[in-house]
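Q: Mind folding the following:
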Amino acid sequence: MKYYGFLFGAAVSMLMLSNFWQPALSHAEDKPNLVLIYADDIGFGDVGCYGATAVATPNIDRLAKAGIRFTDAHSAAATCTPSRFAMLTGLYAWRQEGTGIARGDAASIISPGTTTLASIFQEAGYKSSVVGKWHLGLGSGQLNWNERIAPGPLELGFDECFIMPATGDRMPVVYVENDRVANLDPADPISVSFDKPIGDEPTGAKNPELLRQSLSHGHDNTIHNGVSRIGFMSGGKSARWIDEDMADTFTTKACDFIDRQGKAEQPFFLFLSLHDIHVPRLPHKRFVGTTKMGPRGDAIAQTDWCVGEVLKQLESNGIVENTLVVFSSDNGPVLDDGYNDDAVKKLGKHDPAGGFRGGKYSAYEAGTRVPMVARWPAKIPAGKVSSALMCQIDFCASIASILGLTLHPEECQDSREHVSALFGEDERGRWFLVEQSKTLSLRHGEWKYIQPTDGPSKLAATNTESGFSKSPQLYNLNEDPKERNDLAKKYPKKIEEYEVIMKRLRNEVQLKR
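A: Numbering: from 1, shown residues only. I've put the predicted structure just below:
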């Protein structure tokens, strides 16, 4: 990363220097376990402690009450793959080609040898596991699902993994345990294609009468479990998951890992990457009908149950006091994302975006502003609410600081240490943050600048306000949190200032922390 030698105004100089030259904090004496629970597509307003009333989330609310709740926390992008990439590597995904929403057969987009959140823990002597959705690619191209799968999480710092390769609406519909497809019968090999049909299995396009969830757009390839997906697959019948059992499967695997490490008194990092509430939304029958919002609401209730089971396991092992638990989401909310599951019809007065504009895929705030709560009884005061500007991209640098490790300049280059903000001691957090959608936006305190780009004002498939415009946009979020009053013409100098910063950010990687 190259240090920004900006000489175009005291305000900008203070902005950059404050971010890059913060003194490193040492917390080497505190080595907590970390359980990172990462939900999928849950919006700022989708859980109780952020204002939701149409669905009960007592476990997430309990977590927030016992720790800190952030009101200005962000994923690094408004879609899943780049958010996960940024969180695990500490590098903005827009810096690297091929980090858009990954196909189900995508090669690994994180190269072995890259410093990751998992490898930071590994260096500190921890055991680490990822359970759940991966969606960062596997292998090195032309992957054979019937053989050893590498590179994958095991080459990126995790000691073990139990994952789904991509998403529930993408082939292949199998779990990967460590470096093999789980429960695969060698006599029934798997074939996967995203380019052309394979095998003779029915598809959503040709056999809509076989579907139990009709399609609103896309997702019309191979049918599995009564749901058609993106991509084609044949074989692997014994290895295919049942959607309704997925949350139970992931939660059981996560709790087993916690139990094993707890009994061994081994410090650990668990990345529990839930599939809920991503489409297709098919919660277990225990949760069907528990809300009035249909499958989307029921999937939120199921998510809260997963959180509760993990908290129970920590209590059972007696390791609550020195375990940092973080709950967050990979991007903002979406209602209709390809299936007719009543998410729009049964929404009622529920506001998934929590009063912000936009949602998943959008440049507006709801694209990346997500719930984030953290509990660490030994360090974080209970009942704290923080307005600090936070981002998941900073997990790498913050965890390294807590563990007493020093990141080299070329490691996790966009990640910044914000332990004081995590502990509720610093109400400022980041001086600036880049939010990624189709375009890039810059957050600086209460100001938000959205770069110009081509694109529709509303995304037709999801009915989401995009935030895309051919002209630059500027909003004051303190005065206008819904981003209705564009101030770009009123403050042209500020637009010029932010355009220079964004140009430098795009073209340079800062080498100074």
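Q: Ramachandran coordinates for the residue nearest to residue 428 when sequence neighbours are not counted?
A: Leaving aside its sequence neighbours, residue 428 sits nearest to residue 388 (CB to CB, 6 or more residues apart in numbering; 5.9 Å). C-beta coordinates here come from the backbone N, C-alpha and C atoms, glycine included. Taking degrees, to the nearest 10, you get phi -60, psi 140 for the backbone angles of residue 388.
Q: likewise residue 233?
A: Main-chain torsions, residue 233, degrees, to the nearest 10: phi -150, psi 140.
Q: Just the pLDDT at residue 510, thanks.
A: pLDDT recorded at residue 510 is 51.
Q: Residue 20 too?
A: 36.
Q: Could I get the contacting residues of the spatially most central residue of the chain?
A: The chain has residue 330 as the residue nearest its centroid, 2.1 Å off, counting by CA atoms, centre = their mean. Applying CB atoms under 8 Å, 6 or more residues apart in numbering, we find residue 330 in contact with 38, 39, 40, 41, 75, 80, 83, 84, 370.
Q: now do residue 138
A: Applying CB under 8 Å, 6+ apart, the residues near residue 138 are 106, 107, 108, 149, 150, 151, 152, 165, 176.
Q: Who are the contact partners of the fourth one?
A: By that I understand residue 149. 138, 139, 143, 176, 179, 180, 181.
Q: For the fourth one, give the beta-bridge partners.
A: Okay, so that is residue 176. residue 163, residue 181 (DSSP bridges).
Q: what ranges do the helices span in the chain?
A: 10-20, 58-65, 80-89, 117-123, 246-263, 294-316, 395-402, 419-422, 492-507 (DSSP state H).
Q: Check the gap between the residue nearest to residue 428 and residue 370 for me.
A: 14 Å (CB to CB, to the nearest Å).
Q: Looking at those two now, which is surrounded by more residues?
A: residue 370 (29 against 20; other CB atoms under 10 Å).
Q: May I have stretch 252-271 exported as PDB, CA atoms only?
A: What follows is stretch 252-271 as a C-alpha-only set of coordinates in PDB (Å, rounded to 0.1, in the frame of the first residue of the first chain):
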ATOM      1  CA  THR A 252     -24.700 -29.100  14.600                       C
ATOM      2  CA  LYS A 253     -21.300 -29.000  12.900                       C
ATOM      3  CA  ALA A 254     -20.600 -25.600  14.500                       C
ATOM      4  CA  CYS A 255     -21.500 -26.700  18.000                       C
ATOM      5  CA  ASP A 256     -19.500 -29.900  17.600                       C
ATOM      6  CA  PHE A 257     -16.400 -27.800  16.800                       C
ATOM      7  CA  ILE A 258     -17.000 -25.600  19.800                       C
ATOM      8  CA  ASP A 259     -17.400 -28.600  22.100                       C
ATOM      9  CA  ARG A 260     -14.300 -30.300  20.900                       C
ATOM     10  CA  GLN A 261     -12.100 -27.200  21.300                       C
ATOM     11  CA  GLY A 262     -13.700 -26.300  24.600                       C
ATOM     12  CA  LYS A 263     -13.000 -29.700  26.100                       C
ATOM     13  CA  ALA A 264      -9.400 -29.600  24.800                       C
ATOM     14  CA  GLU A 265      -9.000 -26.100  26.200                       C
ATOM     15  CA  GLN A 266      -7.800 -25.100  22.700                       C
ATOM     16  CA  PRO A 267      -8.400 -21.500  21.600                       C
ATOM     17  CA  PHE A 268     -10.400 -21.400  18.500                       C
ATOM     18  CA  PHE A 269     -11.900 -19.400  15.700                       C
ATOM     19  CA  LEU A 270     -15.300 -20.400  14.200                       C
ATOM     20  CA  PHE A 271     -16.700 -18.800  11.100                       C
END
